[in-house]
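[1] This is a predicted model, with the sequence first.
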Amino acid sequence: MIGSSPELLSVIRAARLVASADVATLIRGESGTGKELLARMIHSESQRADKCFVALNCAALPESLAESLLFGHRKGAFTGASDAQPGVIKSANGGTLFLDEIGELPHPVQSKLLRFLESGECMAVGDSAPFRVNVRIISATNRDLYEESRNGRFRMDLFFRLNVVPLELPPLRDRLEDLESIMGSFINSFASDNGLAAPVFSPEAMDILRRHNWPGNIRELRNFCQRMTILLSGRVIKPENLPMELKSQAKERISAAFSLLDLGMGLKEIEEELIRQALARTDGNRSQAARMLGVSRDTLLYRLKKISLA
């Protein structure tokens, strides 16, 4: 995983510790933050590294076939079951099974998964005898499973069984100091793979990119880099070359900032007011407030001390 921000390095250090212990792990993070990539890193540094890594997106499971796809089925177990299938849990025997979007797993199947986690046994659809499998489960979600379980939308006992060691990936907007290194990796890779010259971003364009909220996180950034590399190969990318959604968001942020200011305020009062409003809008999160103001976290901390708000 690319980046040197404290937020990311903290998660990576924890993940390496988790890798050495064969326990269930729940990775939380917004869509596009790289949850599967982190799961693969844990697998590659574990004692199961020489075994298979199987990934399954629970959100893509048809409810009627979820149990069969997970645990397998016997030939003739239901209409259309012309052949016996082992299921992904058995296919991952000895290795790691990554269950992405675990919060989308149909409720009836959650009880069977819980039993497997507790006993190591599961039963294929149509079979009368259980079988044992040695699999490490790493799951991931972009939802608050604890809140979901409190509201009855997810089994609380299963949540606690999956959440033995929780890890949380920060969104890209919380580690913008990694933006340039991630972009460089993506752009150089795309340029090399397609025989293109890598584009270069002007300081003004980079300033807009740093102010973007990146709701799609690393996935959004990857698609953006691919688009720029293909369409603007070898060119210097300026603000006018950026996609409309990036330029319009930058204009909205500037307009909003000026509309917040009261007339008759001096520069010192304006600075203090902007810092106060940024902290209020981010519930006191200084990293987010710094990004909102377009400065580094260290700069914001210095300013806070200067105006006696630290």
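    That came through fine.
[2] I'd guessed Asp127 sits against Ser68; true?
    No - with contacts counted by Cβ atoms under 8 Å, Asp127 stays clear of Ser68, the gap being 11.3 Å. Placement of C-beta: from N, CA and C, glycine included.
[3] These two: who's more crowded?
    Counted by other Cβ atoms under 10 Å, Asp127 and Ser68 do not tie: Ser68 has more neighbours, with 22 against 15.
[4] Next up, phi/psi of the more buried one, please.
    phi -60, psi -40 (degrees, to the nearest 10).
[5] Look up the closest residue to it, ignoring the ones flanking it.
    Residue nearest to Ser68 in three dimensions, not counting chain neighbours: Val125, with 5.0 Å by Cβ to Cβ, 6 or more residues apart in numbering.
[6] Kindly tell me how buried that neighbour is, as a neighbour count.
    Residues lying near Val125 (other Cβ under 10 Å) number 19.
[7] Stretch 202-218 - what's its average pLDDT?
    For stretch 202-218, the per-residue pLDDT values average out at 89.
[8] To clarify, my last question referred to stretch 225-244.
    For stretch 225-244, the per-residue pLDDT averages 93.
[9] buried set for that stretch?
    Using 16 or more other Cβ atoms under 10 Å as the burial criterion, the residues of stretch 225-244 that qualify are Cys225, Gln226, Met228, Thr229, Leu232, Ser233, Ile237, Pro239, Asn241, Leu242.
[10] In the stretch 201-310 of the chain, what residue spans correspond to helices?
    Per DSSP state H, counting those that start in this stretch, the stretch 201-310 of the chain has helices spanning 203-211, 217-231, 244-259, 267-281, 286-293, 297-306. These are given in chain order.
[11] Okay, the spatially closest residue to Thr33 that is not a sequence neighbour and Val11: tell me how far apart.
    Using Cβ to Cβ, 6+ apart and skipping residues adjacent in sequence, the residue nearest Thr33 is Leu169, 4.2 Å away. As for Leu169, its distance to Val11 is 6 Å (criterion: Cβ to Cβ, to the nearest Å).
[12] what sits in contact with each of the two?
    Both Leu169 and Val11 are in contact with Leu38, where contact means Cβ atoms under 8 Å, 6 or more residues apart in numbering.
[13] Would you list the phi and psi of the residue nearest to Thr33?
    With angles defined as degrees, to the nearest 10, Leu169 sits at phi -80, psi 130.
[14] contacting residues around it?
    Residues near Leu169 by Cβ under 8 Å, 6+ apart: Leu8, Val11, Ile27, Arg28, Gly29, Glu30, Thr33, Gly34, Lys35, Leu38.
[15] taking these one by one, which sit in helices?
    Residues of the contacts of Leu169 located in helices (DSSP state H): Leu8, Val11, Lys35, Leu38.
[16] now, which of those sits nearest Arg155?
    Nearest to Arg155 out of these is Lys35 (Cβ to Cβ; 20.8 Å).
[17] Would you confirm that the closest one contacts Ala15?
    No - the criterion here is Cβ under 8 Å, and Lys35 misses it with Ala15 at 11.1 Å.
[18] So the two - more neighbours on which side?
    Lys35 (25 against 21).
[19] Give me the nearest residue to that one, chain neighbours excluded.
    Going by Cβ to Cβ, 6+ apart, Lys35 has Ala140 as its nearest residue, at 4.0 Å.
[20] How about Leu279?
    Closest residue in space to Leu279, ignoring its immediate chain neighbours: Ala289 at 4.9 Å, by Cβ to Cβ, 6+ apart.
[21] For that neighbour, grab the count of nearby residues.
    Using other Cβ under 10 Å, Ala289 is surrounded by 23 other residues.
[22] roughly how far apart are it and Pro130?
    54 Å.
[23] Check the contact between Val54 and Ala92; I expect there is one.
    Yes - taking Cβ under 8 Å as the definition, Val54 is a contact partner of Ala92 at 4.0 Å.
[24] Neighbour count: these two, which is higher?
    Ala92 (24 against 18).
[25] give the contact list for the residue nearest in space to the middle of the chain.
    Among the residues of the chain, the one closest to the centroid is Thr33, at 2.4 Å (Cα atoms, centre = their mean). Contacts for Thr33 (Cβ under 8 Å, 6+ apart) come out as Leu169, Pro170, Pro171, Leu172, Asn217, Ile218.
[26] where does it fall, phi/psi-wise?
    Dihedral angles for Thr33 - degrees, to the nearest 10 - are phi -90, psi -10.
[27] what about the residue lying closest to Leu105 once chain neighbours are set aside, distance to Asp100?
    Nearest residue to Leu105, sequence neighbours excluded (Cβ to Cβ, 6+ apart): Cys58, at 4.5 Å. Cys58 sits 6 Å away from Asp100 when distances are taken as Cβ to Cβ.
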